[in-house]
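> Quick one, what's the 3D model for this:
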Amino acid sequence: MKLTTKTYAYVGVTLVAAAGFGLFWWTHNPTGVSTPLTKTSGTNGALKPVSALVAHPTPDTPVVRYTLVAEAKTLNLGQGKTVQAMTFNGSAPGPTLTVQQGNVVEVTVKNELSVPITVHWHGIDVPGAEDGVPGLTQSPISPGETFVYRFIAKDAGTYWYHSHVNSVQEIGAGLFGGIVVKPNHPANPLPNRDYTILLHEWSTLSQGQENGMSGMSGMSGMNMGNMNMSKPSLRTTGFQVTRMDREALSEMTSAYDAFTVNQTANGTSLFRANPGDLVRLRLVNAGNMTHLMTLVGTSFKVEALDGHDLSHPTWIQNQLLPIGAAQRYDVEFKMPASGQVQLVSADPSATERMELQATIGQSSHSSPMDTAMNLQNEPWFDFTNYGSPTTSKNSTFTLGQHYDKTFTMNLGVGMNQSGMVYTINGKAFPNTSPFVVQNGDTVKVHIENDTNYIHPMHLHGTSFQVLSRDGVPLKGSPVYLDTVEVLPGESYDIAFKATNPGLWMFHCHDLHHAAAGMDTILQYSGITDPYNIKDMSE
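Have a look, this model is predicted:
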């Protein structure tokens, strides 16, 4: 096949795209696979294009409208660091979109950049046509174009949005923001203060975002000296933090030189609260690295993970929250009668610990660096043994029940003629086999991490229930996620019911890994792709 080329500049980085935008996937494809999909047929042989899968609200459903303008800006991050950024509405993160549960959300996206974009609504179960994956659910939004997304915000919780075109570069350069869906029946008492906080990593070096990365290999800037191709032993005794876990936290530290709480890298962000206030922090990891975050000066509860409430959360203190790429933690606490509360990082890097800080209270000040240092040996939060299994929202699935479809994801790493690749079941995208389901199927997926790296695996289009970790069933609250962080040697069993027809990516949200092959597709039978599959991008 003859390849056409399009060239775009990514904040100082030139990207050459072969027959679209997914350069790495399609030009480093030795077997010549032309599509990651397989031929299927729906009920009675019927086929439906994914573009036909749209929202159908009733005429009286309230509509909330937003406009997002993608534009280039120079941002001052603090600490003397500036970055040539891609932004929504002039900031990174972009505006937090707040909607009421059940409302129709209509977002007009205007692309005033010189590169194509889309918007993916991370964690929200949108209709298939609204997912924002170029070449799979829509055509890219070209420079100068406008596109309107429309979906119903069915589930309350904390979510986020981001570009899905060459997202190593575009999210890295600032195309992301938060979404909060307010519940129709909120729990009591309501928090007095409610803040959405997005964590992010930046490269402010002169070569531009992702420091010299060309195309989608996703490997530039990573700590190649620590590259480890060995296979870890599979864990079988439940969650325990290992030396390998701590080493994996530093995989990409050298790729970044600024770490922000919202748009600030100076560690002095202030979120105002009064003594006695009940405060909710919605923590969103909008980067590629796992961060160990906690609160100093108060005990707290983890109220929700990935937007889904936990059952009977308990008070904890001096525990580190390992927030993986794309994950969300909602925490609540009560302000002390005097003094401040500090949000701090216990990450291995001193720069991260200094910059990933914020104050909740009446005045801002940086917490001493030795506070975070002292926290580095504190235990990591284990969601599999937190809260209570007793809940009005009963667990949907059990580990030993019958499932209509079962799949295995063995996460691997290897080398080919183009360099390091990350694989699913021994193959790198687009050579990975899709997971084909019928509408209404019950589905279980067994995930094993056969690498020494952290893989936050994200499923588009549906949330899933976590059944077990390292072979041990959950003992606490039922847990529903859209992104599960799989540490080296870990395994998970997850389950869901296939009730949202579409073509849904299932990929690692360390976007360097996704760009280098760790992707597949959950494919509903009878759903077809009317777009140019070679526009597809992580």
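
> Walking through the stretch 401-538 of the chain, point out its strands one by one.
405-416, 419-424, 435-437, 442-449, 455-459, 464-469, 472-473, 480-481, 483-486, 491-497, 503-508, 519-524, 527-528 (DSSP state E, counting those that start in this stretch).

> Turn these into TSV, columns for mean pLDDT.
Shown next, in TSV, are those (pLDDT from 0 to 100):
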stretch	mean pLDDT
strand 405-416	95
strand 419-424	92
strand 435-437	97
strand 442-449	98
strand 455-459	98
strand 464-469	97
strand 472-473	94
strand 480-481	98
strand 483-486	98
strand 491-497	98
strand 503-508	98
strand 519-524	97
strand 527-528	94
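
> Among the ones you listed, single out whichever gets nearest to residue 384.
When these are compared by C-beta to C-beta, strand 464-469 sits nearest residue 384, at 4.8 Å. In short, each C-beta sits where N, CA and C put it, glycine included.

> Now do that closest one: which elements does it pack against?
strand 480-481, strand 491-497 (3 or more C-beta pairs under 8 Å, 6 or more residues apart in numbering; DSSP states H and E).

> so what strands line up beside the first one?
Spelled out, it's strand 480-481. Here strand 480-481 is paired, per DSSP bridges, with strand 464-469 (antiparallel).

> what's the spacing between the strand it pairs with and its chain's center?
18 Å (C-alpha atoms, centre = their mean, to the nearest Å).

> now do stretch 439-454
With C-alpha atoms, centre = their mean, you get 16 Å for stretch 439-454.

> Look up how far residue 49 lies from residue 146.
22 Å (C-beta to C-beta, to the nearest Å).

> hang on, isn't residue 290 packed against residue 322?
Yes - counting by C-beta atoms under 8 Å, residue 290 does reach residue 322; the two are 5.6 Å apart.

> Next, the buried residues of stretch 124-140.
124-140 (16 or more other C-beta atoms under 10 Å).

> before we move on, what about stretch 61-75?
Of the residues in stretch 61-75, those buried (16+ other C-beta under 10 Å) are 66, 68-70, 72, 75.

> again with stretch 288-302
By 16+ other C-beta under 10 Å, the buried positions in stretch 288-302 come out as 288-298, 300-302.

> Just the C-alpha atoms of that stretch, please, in CSV.
Written as CSV, here are the backbone C-alpha positions of stretch 288-302 (Å, rounded to 0.1, in the frame of the first residue of the first chain):
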residue,chain,number,x,y,z
ASN,A,288,2.0,8.9,33.0
MET,A,289,3.7,8.3,36.3
THR,A,290,2.3,6.8,39.5
HIS,A,291,2.4,9.2,42.4
LEU,A,292,2.3,8.4,46.1
MET,A,293,0.1,11.1,47.6
THR,A,294,-1.2,11.5,51.1
LEU,A,295,-2.5,14.1,53.6
VAL,A,296,-0.6,15.5,56.6
GLY,A,297,-2.3,17.1,59.5
THR,A,298,-5.6,15.0,59.4
SER,A,299,-7.0,11.6,59.0
PHE,A,300,-9.1,11.0,55.9
LYS,A,301,-11.4,8.6,54.1
VAL,A,302,-11.2,7.4,50.5
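
> So, low pLDDT: which residues of the protein?
1-34, 206-229, 365-373, 390-395 (pLDDT under 70).

> Just give the nearest non-adjacent residue to residue 269, would you?
residue 358 (4.0 Å; C-beta to C-beta, 6 or more residues apart in numbering).

> again with residue 62
Going by C-beta to C-beta, 6+ apart, residue 62 has residue 103 as its nearest residue, at 4.9 Å.

> any idea how far residue 414 lies from residue 514?
Counting by C-beta to C-beta, the gap from residue 414 to residue 514 is 16 Å.
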